[in-house]
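Undergrad: one predicted model, sequence on top.
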Amino acid sequence: MIIESKKVKKWDGPETERSASGDYVFYHLLNIQAAIELIREHEQPLLLNYKIFENTKPVQRHVVGTFICKHKKKEICWRSGKICIEIYTNKSEFCVKVWNQKCRVCNRINIAELDKDIYIQKVQYFLRLHLGLRLPSKQDTAKTLTTPPHKEQLCCACAAGVCSEARRTCE
Ligand SMILES: [Zn+2]
Ligand SMILES: [Zn+2]
């Protein structure tokens, strides 16, 4: 989907899309929202093309969200400040992958309910850098969340060998 200037095509795809492996998710609507906001505040026409591609080297960030795993008797709920995201860019094209986490009780893979403001801020900050746009006067102020140490065995990005949090704990 191409988003250019005021001509924003309506997104008629799903809000989110899970990878075939189940390990990660594309939050299509949030990604488009992030792009549209950037375009609207930019005076010059700005071309952004949102599509799924994974053939460039991504930049990694961490965002905040809540996971809820529904069991028969009770729900297991956890907050994570270390949800791994990977931002892919190629000229005007971009794409963001969000890695899922496993439930510590049943080991099932769960999809995060993201803190949308933090996610959008992080994606926009990187898109600004990539496109050479003016950065917000306030530095990347996205709140960080203090959560228990990153549990590598429950992070799908760690399992795939791409999570920087894993590398840090191995040092
Ligand atoms: Zn569970
Ligand atoms: Zn990890």
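TA: Perfect, thanks for sending it. Ligands and ions are numbered 1, 2, ... in the order given.
Undergrad: from now on I want contacts and neighbour counts done on CA atoms only, so please keep to that.
TA: Noted.
Undergrad: how far away from the center of its chain is stretch 94-102?
TA: Centre-to-centre, stretch 94-102 and its host chain are 5 Å apart (C-alpha atoms, centre = their mean, to the nearest Å).
Undergrad: who touches the longest strand along the chain?
TA: Scanning the chain for the longest strand, with DSSP state E as the assignment, gives strand 75-90. Applying C-alpha atoms under 8 Å, 6 or more residues apart in numbering, the contact partners of strand 75-90 are 53-54, 56-70, 94-101, 103, 105, 123, 130, 144-147, 150, 157, 163, 165.
Undergrad: of the residues you listed, which belong to helices?
TA: Residues of those located in helices (DSSP state H): 123, 130, 157, 165.
Undergrad: from the residues you listed, list the buried ones, please.
TA: By the neighbour-count criterion of 16 or more other C-alpha atoms under 10 Å, the ones in helices among the contacts of strand 75-90 include these buried positions: 123, 157, 165.
Undergrad: which of those residues lies closest to residue 26?
TA: Ranked by distance to residue 26 (C-alpha to C-alpha), these are led by residue 123 at 12.7 Å.
Undergrad: show me the contacts for the closest residue to the closest one other than its chain neighbours.
TA: Nearest non-adjacent residue to residue 123, counting by C-alpha to C-alpha, 6 or more residues apart in numbering: residue 34, 7.0 Å away. Contact analysis of residue 34 by C-alpha under 8 Å, 6+ apart lists 120, 121, 123, 124.
Undergrad: does residue 34 sit in a helix, a strand or a coil?
TA: Using DSSP: H, G, I helix; E, B strand; the rest coil, the structure places residue 34 in helix.
Undergrad: what does residue 118 give?
TA: Residue 118 - assigned by three-state DSSP - is helix.
Undergrad: burial of it, as a residue count?
TA: 19 (other C-alpha atoms under 10 Å).
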